[in-house]
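**Q** would you be able to build a 3D model of this:
(one chain, ligands or ions: 1)
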Amino acid sequence: MNFHTRKWIKPEDLNPNGTLFGGRLLEWIDEEAALYAIIQLENPRTVTKYISEIDFRASAKKGDIIEIGIEPTKFGTASITLACEVRNKMTREVIITIDRIVMVGLDEHGKAKPHGKTEIEYVKNRIADSNES
Ligand SMILES: CCCCCCCCCCCCCCCC(=O)SCCNC(=O)CCNC(=O)[C@H](O)C(C)(C)COP(=O)(O)OP(=O)(O)OC[C@H]1O[C@@H](n2cnc3c(N)ncnc32)[C@H](O)[C@@H]1OP(=O)(O)O
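**A** Predicted structure coming up:
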């Protein structure tokens, strides 16, 4: 799993208990998953379809740094399924794991659009491929 994104926990990210607000973390995860899927499917009209069980196993407090990891587990017809793990860099604890986040690429009418992708593509390879043709 690649942990591309780090977040620094600020006062506005806290709940009344003084720990990381769960809704804020879910927003960050959704955004991270959307960006990952948009890039992989090469479709900016990509939406969140399904998120499996969310288990808050640990938390973070003000000043902690957390990192968000995303990994593709399945390329479907119009969908891509991702796994996610968030961990606390300071305590080394796993904060959250999500087995399945299903993102679906849409067409201009809002219908599921087949993407034709079967594996992860890296931008540098796309650039190399386009130079070959
Ligand atoms: C120029 C660049 C600009 C870039 C700019 C960047 C901006 C970056 C900002 C990011 C910002 C964050 C962005 C967050 C993303 C939202 O917040 S999205 C908002 C929340 N989500 C929604 O509103 C989606 C609402 N749902 C829908 O519109 C419809 O359900 C959908 C998605 C069109 C799918 O419709 P459907 O009838 O279920 O379609 P169907 O063909 O049956 O299924 C499509 C796929 O979904 C799968 N699926 C359907 N139901 C389920 C289910 N219950 N469970 C699992 N999978 C399912 C199917 O298996 C199928 O997969 P494939 O076999 O095609 O691989």
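**Q** show me what from the chain comes close to the ligand.
**A** Within the chain, the residues that sit near the ligand (Cβ under 6 Å from any ligand atom) are 30-31, 34-35, 38, 44, 47-50, 76-79, 102, 104, 106, 110, 112. Yep, even glycine has a C-beta here, placed from its N, CA and C like the rest.
**Q** which members of those are classed as buried?
**A** With burial judged by 16 or more other Cβ atoms under 10 Å, the buried subset of the residues of the chain next to the ligand is 34, 78-79, 102, 104, 106.
**Q** now do the buried residues in the biggest helix by length in the chain.
**A** Ranked by residue count, the top helix of the chain under DSSP state H comes out as helix 22-41. Using 16+ other Cβ under 10 Å as the test for burial, helix 22-41 gives 24-25, 28-29, 32-34, 36-37, 39-41.
**Q** what is it packed up against?
**A** For helix 22-41, the packing partners by 3 or more Cβ pairs under 8 Å, 6 or more residues apart in numbering; DSSP states H and E come out as strand 2-8, strand 46-51, strand 65-75, strand 79-88, strand 94-105.
**Q** against Gly105, how distant is the residue of the chain found nearest the ligand?
**A** With distances taken as Cβ to the nearest ligand atom, the chain approaches the ligand most closely at Gly76, which sits 2.0 Å away. Using Cβ to Cβ, to the nearest Å, we find Gly76 at a distance of 10 Å from Gly105.
**Q** so what's the residue most central in space within the chain up against?
**A** Nearest to the centroid of the C-alpha atoms of the chain, with distances taken as Cα atoms, centre = their mean, sits Ala33, at 2.4 Å. Taking Cβ atoms under 8 Å, 6 or more residues apart in numbering as the definition of contact, the neighbours of Ala33 are 48, 70, 82, 84, 101, 103.
**Q** so what's the fourth one bridging to?
**A** Same thing as Cys84. Ile70, Ile98 (DSSP bridges).
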